[in-house]
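> what's the 3D shape of this:
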Amino acid sequence: MEQLKTIGRELTMGSQGGFGQSKEFLDLVKSIGEARSKAEEDRIVLREIETLKRRLLEPDIPKRKMKEYIIRLLYVEMLGHDASFGYIHAVKMTHDDALPLKRTGYLAVTLFLSDDHDLIILIVNTIQKDLRSDNYLVVCAALNAVCKLINDETIPAVLPQVVELLGHSKEAVRKKAVMALHRFYQKSPGAVSHLVSNFRKRLCDNDPGVMGASLCPLFDLVTIDAKSYKDLVSSFVSILKQVAERRLPKSYDYHQMPAPFIQVKLLKILALLGSGDKQASESMYTVLGDIIRKSDSSTNIGNAVLYECICCVASIHPNPKLLESAADVIAKFLKSDSHNLKYMGIDALGRLIKLSPQIAEQHQLAVIDCLEDPDDTLKRKTFELLYKMTKSSNVEVIVDRMVDYMISISDDHYKTYIASRCVELAEQFAPSNHWFIQTMNKVFEHAGDLVNIKVAHNLMRLIAEGFGEDDDATDSQLRSSAVESYLRIIGEPKLPSMFLQVICWVLGEYGTADGKHSASYISGKLCDIAEAYSNDETVKAYAISALMKIYAFEVAAGRKVDMLPECQSFIEELLASHSTDLQQRAYELQAVVGLDAQAVQAILPRDTRCEEIEVDKDLSFLNGYVDQAIEKGAQPYIAEDERNGMGNVSNLRSQDQHESIQHGLRFEAYELPKPPMQSKVDPVSSTDVVPVPEALSYRETHPISSVGSTSEAGSSELKLRLDGVQKKWGRPTYSTPTSSTTNSPSEKPANGASHVDSATASYSKSRDSQNTKKTEIDPEKQKLAASLFGGSSQPERRSSTGHKASRSSGGAADGSRGSKAVEKTIQQPPPPDLLDFSDEPTVTSALPSVDPFKQLEGLLDSSMSSTTNHNAGTATIAPDIMSLYGDSTASQDSLDIFHGLSTEPTGATSGETTVTTLPQSVKGPNAKDALEKDALVRQMGVNPTSQNPNLFRDLLG
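Numbering: from 1, shown residues only. Modelled structure (predicted):
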């Protein structure tokens, strides 16, 4: 009875919604569509989110209701709000056996989740099961999810099933399988590189949809490597011919155009395969001509196919008839009233003009109309066309148009682009020096600092080198013209900083070169620039450098330097400047002015900008100094690439330098011991503990005296591992911060010092103007067209970076000196470091000359100044010896330190040492207390009991 009531309620809900949706859902869609503002829409969606959160928490939700909730979540997500609270319900719906629910679940998860979402792992098994389903609709739904959700890591899980589905009986499944395999190739080419042959096979599929789907991956493959697919040219041409002849079913037509999207993709592939291949191109001519002739230009899709045909014709080996047909299509585009078709015509004309520059002359008036069109996008495309068709006969008109357009726009990005185009055209096709300088002045004046800094450097280099022709008179005229124009521009307000830098450089180099202007006049102008732009340090730096050149040329010529008062005050101002760069330039100017003519001529020779500078990269003139320093004991230089391979050596050296600044004992937390490394630098310091002969006195056999002295035979004995302990203890006079290096097996360290090993590490038929328009033509447009398209049709480009014949560099010095390893002999070894816990074991061949225990007597109280008073102290005061070794962690740590250094003869024979592993703990106690406790224990001879019996393993035997 309850089930009948539930079915009745669901039927009632379905009848209210019309298509199975509730009235509440339809009201939601209606209210969203009627929202008048974004704020109102957000309020509706937020209210819906709260409702869905509450509904999804209800138990036993009917499947039809859950389906509606998932669809409502899709609305929430697509409107930009977070619906992550319902993702898991969409994942669960993909597991449902009912086809409508499963398809809804797959639709939701493909929109909700990305391929790296955490919930993807819950869908992989469901996808694998659905790919093996007998219902092809379920398989299609799973393949849709595969294209969206499968990532690099989960491709192997579904790849075998997808490859198997390429042979499915249903064409829809085969098509989606090809699409899934293409997606795998895009995400991980290496995972499916052995399966690309399947795309070739699907090209011959009986279903046009499967064949069309295989064109997309083949286009990607041909783009990467066209040579490997040259054998498919005949197949592509055959398919394109069948499509053009309407042999495909009517269902593939779009606006009475046979399969236009397949045609577009085939034309793109043929353009890649026919580029630079005459034989392959010849097989395409017939079908391309048929498509151009049969295509309908009255629809947008027909124009799209025609445009793609023109692009293909421009890419393959040229054919005169096809070029003529393409020109006719371009004429139709340019004559159209649609801005979109005009844009396509200008773009297509720019492609064909590379093959036949005469084509543009047929459409010169149409190009002028586009240049004056108010549509900014069309105007910019036209400027790109004019840039491609520029030559020496029309460069003035084109560049002037570009400069005028650059002045009129406010888009800084495109203004920079236009400025670079103007500079490039001016450098290549400049008809005269005067025009070139005037054009560059306009560009810098109106584009300002938006001009690339390289443009300014290229301009200065071009003025210095000339136009690459061996004509000094022409180059001098160019420089004089630049100086004259810059002197006129200086008075204009608010010049760009980059332009001022160029002006200062040109005036400093060539201001007095032609003799028309005196040094005082040029220097006064430079000071005026520096004063007017006093806040720009770069301009002031260029100005002071230009003054130095002016005065240097005067001194070198033997003329008296007459420095103006304003120049003198400017120099004095820079001498006290906060900028070290300006200070240095000012001091250099003073020094140069005070030299004689011969010295100045050698320092700043005139007109040597283009000469190469000889640089001795090996610094061979320092060889004698280096050899002398190495003989005196200096370390040889290690190249940077070799230093990088030395690993932790530099880190240890910096650690040593830091520790040398620290004075006194340091108490840090100890680390657990690590196994020793033989061939690598061990970041943990180690010290050999070697037994002392029995003949030595008690003070010589004190636990601390064994540190820092060992014999050659003792290097193979046990070592005390003090992980985490600072490298240098004791007095700072024993610090050797530069000695932390890697010991090679063949070198023996002495007194804690070691040597560093050097590591090794770029148309043939013209149309009459009667074919364009029969209406009257504006005389101004005729004049502009004549200046743009008239004259010689062959481009006359000059080299923009030509160089004068300059001196070849004399070559660097042949004798490059490698670093020599100099073996040093230590005449007088330094005194031993008492607590040297360095990386290298300390090796000595004799007993230390100084009693090491005396070095630590300052750490004890005055009452413990000598060891002979121990017995007396014991007699008068009887301390609780066992209380010294209580459960305190600090006491155990301190005992660990000094007992590890102990060499009592009681539990160890000669040549053996007992090593105690140091526990990791916090900072230790006072060192004096530790020494006192240790001394008391030794006097009493008591074996203490504690929680760490290993401390006295040597005493217990």
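> Share the number of residues neighbouring residue 332, please.
Applying other CB atoms under 10 Å, we find 13 residues neighbouring residue 332. Using the backbone N, CA and C atoms, a C-beta is placed for each residue, glycine as well.
> so what pLDDT did it get?
Listed pLDDT for residue 332 reads 91.
> so it touches residue 297, yeah?
Yes. Residue 332 lies in contact with residue 297 (CB atoms under 8 Å); the separation is 6.0 Å.
> For the stretch 201-350 of the chain, just list every one of the helices.
208-224, 233-244, 260-274, 278-282, 285-294, 300-315, 320-335, 339-352 (DSSP state H, counting those that start in this stretch).
> name the helices or strands packed onto the third one?
For helix 260-274, the helices and strands in contact under the criterion 3 or more CB pairs under 8 Å, 6 or more residues apart in numbering; DSSP states H and E are helix 208-224, helix 233-244, helix 278-282, helix 300-315.
> can you put the helices of the stretch 201-350 of the chain in TSV and add distance to residue 179?
As requested, those are arranged in TSV below (distance: least, CB to CB, whole Å):
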stretch	distance to residue 179
helix 208-224	6
helix 233-244	19
helix 260-274	14
helix 278-282	28
helix 285-294	26
helix 300-315	22
helix 320-335	33
helix 339-352	30
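> Figure out which of those helices is closest to residue 534.
Counting by CB to CB, residue 534 lies closest to helix 339-352 out of those; the figure is 48.0 Å.
> So for that closest one, what gets flagged as buried?
Counting neighbours by 16 or more other CB atoms under 10 Å, one finds that the buried residues in helix 339-352 are 341, 342, 343, 344, 345, 346, 347, 348, 349, 350, 351, 352.
> Next: stretch 389-405.
Of the residues in stretch 389-405, 389-399, 401-403, 405 count as buried by neighbour count, 16+ other CB under 10 Å.
> which one of the residues you listed is nearest residue 292?
Nearest member of the buried residues of stretch 389-405 to residue 292, counting by CB to CB, is residue 389, at 23.6 Å.
> is it true that that closest one touches residue 353?
Yes. Counting by CB under 8 Å, residue 389 does reach residue 353; the two are 5.5 Å apart.
> Now for those two: what residues contact both?
residue 360 (CB atoms under 8 Å, 6 or more residues apart in numbering).
> The closest residue to residue 575 other than its chain neighbours and residue 635, how far apart?
Using CB to CB, 6 or more residues apart in numbering and skipping residues adjacent in sequence, the residue nearest residue 575 is residue 586, 4.8 Å away. Residue 586 is 39 Å from residue 635, where distance means CB to CB, to the nearest Å.
> okay, those two: which has more neighbours?
Taking neighbours as other CB under 10 Å, residue 586 and residue 635 compare with residue 586 leading, 23 against 15.
> Now do the helix or strand where residue 784 lies: which elements does it pack against?
Assigned by DSSP states H and E, residue 784 belongs to helix 779-789. Counting contacts by 3+ CB pairs under 8 Å, 6+ apart, helix 779-789 packs against helix 364-371, helix 395-408.
> so where's the chain uncertain?
1-20, 467-470, 607-613, 645-777, 790-928, 930-931, 933-957 (pLDDT under 70).
> which residues of it fall in strands?
Using DSSP state E, the strands of the chain run over residues 253-254, 257-258, 686-688, 719-721.
> List the pairing partners of the second one within its sheet, with orientation.
So that's strand 257-258. According to DSSP bridges, strand 257-258 forms sheet pairs with strand 253-254 (antiparallel).
> And the contacts of the partner strand?
Under the contact criterion CB under 8 Å, 6+ apart, strand 253-254 has outside partners 246, 259, 260, 261, 301.
> got the helices and strands packed on helix 260-274 as TSV, with mean neighbour count and distance to residue 40 columns?
Shown next, in TSV, are the helices and strands packed on helix 260-274 (neighbours: other CB atoms under 10 Å; distance: least, CB to CB, whole Å):
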stretch	mean neighbour count	distance to residue 40
helix 208-224	19	42
helix 233-244	18	50
helix 278-282	15	60
helix 300-315	21	36
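> Residue 497: which of the ones you listed is closest?
When the helices and strands packed on helix 260-274 are ranked by proximity to residue 497 (CB to CB), helix 300-315 comes first, at 43.4 Å.
> Quick check: residue 404 vs residue 326, distance?
For residue 404, the distance to residue 326 equals 32 Å [CB to CB].
> Check the buried residues of helix 339-352 against residue 270 and report the nearest one.
Set against residue 270, the nearest of the buried residues of helix 339-352 by CB to CB is residue 351 (15.2 Å).
> ok so, going back, who's in contact with the residue nearest to residue 575?
So residue 586 contacts 544, 571, 574, 575, 577 (CB under 8 Å, 6+ apart).
> Apply 7 Å and report the result again.
544, 571, 574, 575 (CB atoms under 7 Å, 6 or more residues apart in numbering).
> pretty sure the last one is touching residue 584, no?
Okay, so that is residue 575. No. Applying CB atoms under 7 Å, one finds residue 575 not in contact with residue 584, separated by 10.1 Å.
> can you count the residues close to residue 107?
Per other CB under 10 Å, the neighbour tally for residue 107 reads 19.
> for residue 38, same thing?
10.
> now swap in the one 10 residues further on and tell me
Other residues lying near residue 48 total 22 when counted by other CB under 10 Å.
> That one and residue 58: what is the separation?
16 Å.
> Next: residue 528.
Distance from residue 528 to residue 58, by CB to CB: 84 Å.
> which one of these two has more residues nearby?
It is residue 528, of residue 528 and residue 58, that has more neighbours when counted by other CB under 10 Å, with 15 against 8.
> show me the contacts for the more buried one.
Each residue near residue 528 by CB under 7 Å, 6+ apart is listed here: residue 490.
> how far away is it from residue 157?
In terms of CB to CB, residue 528 sits 76 Å off from residue 157.
> same check, this time on residue 210
Relative to residue 157, residue 210 is positioned 24 Å away (CB to CB).
> got it, and residue 317?
47 Å.
> higher neighbour count, those two?
residue 317 (17 against 13).
> Grab the nearest non-local neighbour of that one.
Once flanking residues are discounted, residue 317 sits nearest to residue 281: 3.7 Å by CB to CB, 6+ apart.
> neighbours of the closest residue to residue 55 other than its chain neighbours, just the number please.
Of all residues beyond its chain neighbours, the one nearest residue 55 is residue 69 (6.2 Å), with distances taken as CB to CB, 6+ apart. Other residues lying near residue 69 total 20 when counted by other CB under 10 Å.
> my guess is residue 69 contacts residue 56, does it?
Yes. Between residue 69 and residue 56 there is a contact under CB under 7 Å: 6.3 Å.
> ok, now which ones touch residue 81?
Contacts of residue 81 (CB under 7 Å, 6+ apart): 45, 49.
> If we use 10 Å, what do you get?
41, 42, 45, 46, 48, 49, 73, 75 (CB atoms under 10 Å, 6 or more residues apart in numbering).
> Residue 422 too?
With contact taken as CB under 10 Å, 6+ apart, residue 422 is in contact with 387, 398-403, 405-406, 439-440, 442-443, 447, 451, 455.
> circling back: from residue 77, how far off is the residue nearest to residue 55?
Taking CB to CB, one finds residue 69 at 13 Å from residue 77.
> Right, I'll call it a day here.
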